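**Q** Okay, predicted coordinates and the sequence, questions at the end:
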Amino acid sequence: MMNRLNAPARLMIVSDLDHTMVDHHDPENMSLLRFNALWEACYRHDSLLVFSTGRSPTLYKQLRKEKPMLTPDITIMSVGTEITYGTSMVPDDGWVEVLNQKWDRNTVTEETSKFSELTLQSETEQRPHKVSFYVDKDKAQDVIKALSEIFAKRGLDVKIVYSGGMDLDILPQRAGKGQALAYLHEKFKAEGKLPTNTLVCGDSGNDAELFSIPDVHGVMVSNAQEELLQWHAENAKGNPKIIHATERCAAGIIQAIGHFNLGPNTSPRDITNFSDSELENVSASSEMVKFFLFYERWRRAEVENCEIYLASMKADCDASGILVHPSGAELPLCGAITGMRNYYGDKQGQQFRVWVDRVLSTQTGLDTWLVKFNKWELSGDEQQGCVITCIINMKKGGVSRATYMHVHETWLEGSGAKDQSTWLF
């Protein structure tokens, strides 16, 4: 992953997940889907996405099954005690060595067992460099003070993080979301690839450290908890690089991108008519996002049932172009577009969403691009996904347009559609 970009990332977004990137009060996941479309259309090719969560790997993977989340380049988990890279989540061994200094997990568990106020969290949340409890809000500060004194006497260098009005995490002093980000910055700097801009995003106390890292932009989403707002008032109120958004969760992140002029901040999902929109930076990635947004809207009957739309899509397909369906069946691309006519509005009134992930394109000729990405459909509670590889021709000139030459789809492992007849693209 560190070598995916040949130059410093234009933007690195480092975001908490629960109640920051992911809005658990938004059953349609619309702010998350808006961010997804913006990131894949405008940023994936030259920027880095980092998820920084208090969740353990187990609970992080569970959230990915429940929500339409993108795949990050880097994942910081367990309140900054674990750093992994890429889709395979390869651990950073250097970070483990940093955290081992002056840390003794056995001593931590021994001393905390003496406090009846502490209730251990589930086994999945107990990690090599993190011991996690629940504690009542009115007892938290007394417990933290007492524990701090005990650990100091025992010669341990620990950090106690309280967040969410109930979660108490005990970590090595060098751990934490902010320290993990500082470590990543140092690694990038050593390689001459320090991101041009970094935007940190959070809502709770365990995110406060992120905002303390030098030279970052920061956004506290509108639904940020009192503990983070209080930290800001006491430590960073005059810092113009940190804002309290007026929008919730991922919508607040998009708002911050615009506020700090970090790049495009109009999500393709906010464009109602692509034919009338002015997309200055038309690219292979933005074309993929646009195509599948139209596909979703067609099946939800959110666009007019108009032959002109299908004719326009056919015009964007090479006459001899082939679609290889995940089932292995082959059909003409134009024929696949024609087949959409029978599915207009079949998902109307249903929870049906489509998004693309990890859109990466490689120029293979003067006007030819090889594009590979994951495409997902959420229908009710069921997610289905495939890997799509396609060859497109991008004509530059007065008006940029894409011509689809070949599309090949294969099911993602464990993600095949039960009813393959409803999987059109």
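**A** Cool, the structure landed. Numbers count the residues shown, from 1 in each chain.
**Q** so how far is the strand or helix carrying residue 219 off the chain centroid?
**A** Element membership for residue 219, per DSSP states H and E: strand 217-220. Centroid separation between strand 217-220 and its chain, computed with CA atoms, centre = their mean, to the nearest Å, is 16 Å.
**Q** Need the CA coordinates for that strand. PDB is fine.
**A** Output of strand 217-220 as PDB, limited to C-alpha atoms (Å, rounded to 0.1, in the frame of the first residue of the first chain):
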ATOM      1  CA  HIS A 217      -7.100  20.000   9.300                       C
ATOM      2  CA  GLY A 218      -9.800  18.700  11.600                       C
ATOM      3  CA  VAL A 219     -13.500  18.300  11.600                       C
ATOM      4  CA  MET A 220     -15.700  17.500  14.600                       C
END
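**Q** Buried residues in that strand, which are they?
**A** Neighbour counts using 16 or more other CB atoms under 10 Å place 217-220 of strand 217-220 among the buried residues. For every residue, glycine as well, the C-beta is placed using N, CA and C.
**Q** Quick check: which helices or strands does that strand pack against?
**A** Contacts defined by 3 or more CB pairs under 8 Å, 6 or more residues apart in numbering; DSSP states H and E place strand 217-220 against strand 198-202, helix 226-235, strand 242-244, helix 249-259.
**Q** possible to save the buried residues of strand 217-220 as a markdown table with pLDDT and distance to residue 132?
**A** Shown next, in a markdown table, are these (pLDDT from 0 to 100; distance: CB to CB, whole Å):
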| residue | pLDDT | distance to residue 132 |
| --- | --- | --- |
| 217 | 98 | 30 |
| 218 | 98 | 25 |
| 219 | 98 | 26 |
| 220 | 98 | 23 |
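**Q** Which of these sits closest to residue 329?
**A** Comparing these against residue 329 with CB to CB places residue 219 closest, at 46.0 Å.
**Q** From residue 169, how far off is the residue nearest to the spatial centre of the chain?
**A** Nearest to the mean C-alpha position of the chain, counting by CA atoms, centre = their mean, stands residue 70 at 4.4 Å. Residue 70 is 26 Å from residue 169, where distance means CB to CB, to the nearest Å.
**Q** ok, back up a step: and the residue nearest to the centre of the chain, what does it touch?
**A** 36, 39-40, 49, 355, 357-358 (CB atoms under 8 Å, 6 or more residues apart in numbering).
**Q** Find the pair from the residues you listed with maximum spatial separation.
**A** Largest separation among the contacts of residue 70 by CB to CB: 49 and 355, giving 13.9 Å.
**Q** Out of the helices and strands packed on strand 217-220, which is closest to residue 271?
**A** Across the helices and strands packed on strand 217-220, closest to residue 271 is helix 249-259 (CB to CB), at 13.5 Å.
**Q** mind checking how far the residue of the chain positioned farthest from its centre is from residue 338?
**A** Relative to the centre of the chain, and counting by CA atoms, centre = their mean, the farthest-placed residue is residue 153 at 41.1 Å. Using CB to CB, residue 153 is found at 76 Å from residue 338.
**Q** need the helices for the stretch 301-425 of the chain, in chain order.
**A** In the stretch 301-425 of the chain, the helices defined using DSSP state H, counting those that start in this stretch lie at 307-315, 333-339.
**Q** same thing with the stretch 51-200 of the chain?
**A** Using DSSP H, counting those that start in this stretch, helices in the stretch 51-200 of the chain cover 57-66, 93-99, 105-112, 137-153, 177-190.
**Q** Looking at the ones you listed, spot the one closest to residue 253.
**A** helix 177-190 (15.8 Å).
**Q** if I look at the residue nearest to residue 124 when sequence neighbours are not counted, how far off is residue 202?
**A** Leaving aside its chain neighbours, residue 124 sits nearest to residue 58 (4.1 Å; criterion: CB to CB, 6 or more residues apart in numbering). To residue 202, residue 58 is 22 Å away according to CB to CB.
**Q** and if you look at residue 93?
**A** For residue 93 relative to residue 202 (CB to CB), the value is 27 Å.
**Q** Same drill for these two, tell me which one is more crowded.
**A** residue 202 (28 against 8; other CB atoms under 10 Å).
**Q** dump the residue contacts of the closest residue to residue 346 other than its chain neighbours.
**A** Leaving aside its sequence neighbours, residue 346 sits nearest to residue 299 (CB to CB, 6+ apart; 5.7 Å). Counting by CB under 8 Å, 6+ apart, residue 299 touches 343-348, 352.
**Q** neighbours around the residue nearest to residue 124, how many?
**A** Burial of residue 58 is recorded as 13 neighbouring residues (other CB under 10 Å).
**Q** doesn't residue 210 make contact with residue 182?
**A** No: contact criterion CB atoms under 8 Å: residue 182 and residue 210 do not qualify, at 9.8 Å.
**Q** what about these two, which has more around it?
**A** Remark: of residue 182 and residue 210, residue 210 carries more neighbours, 27 against 19, as counted by other CB under 10 Å.
**Q** Next one: residue 318 from residue 390, what distance?
**A** From residue 318 to residue 390 the distance is 11 Å (CB to CB).
**Q** ranges for the strands of the stretch 1-150 of the chain?
**A** Secondary structure of the stretch 1-150 of the chain by DSSP state E, counting those that start in this stretch: the strands cover 12-15, 48-52, 74-77, 82-85, 90-91, 119-120, 131-134.
**Q** The fourth one - what's its average pLDDT?
**A** Read that as strand 82-85. The pLDDT scores in strand 82-85 average 97.
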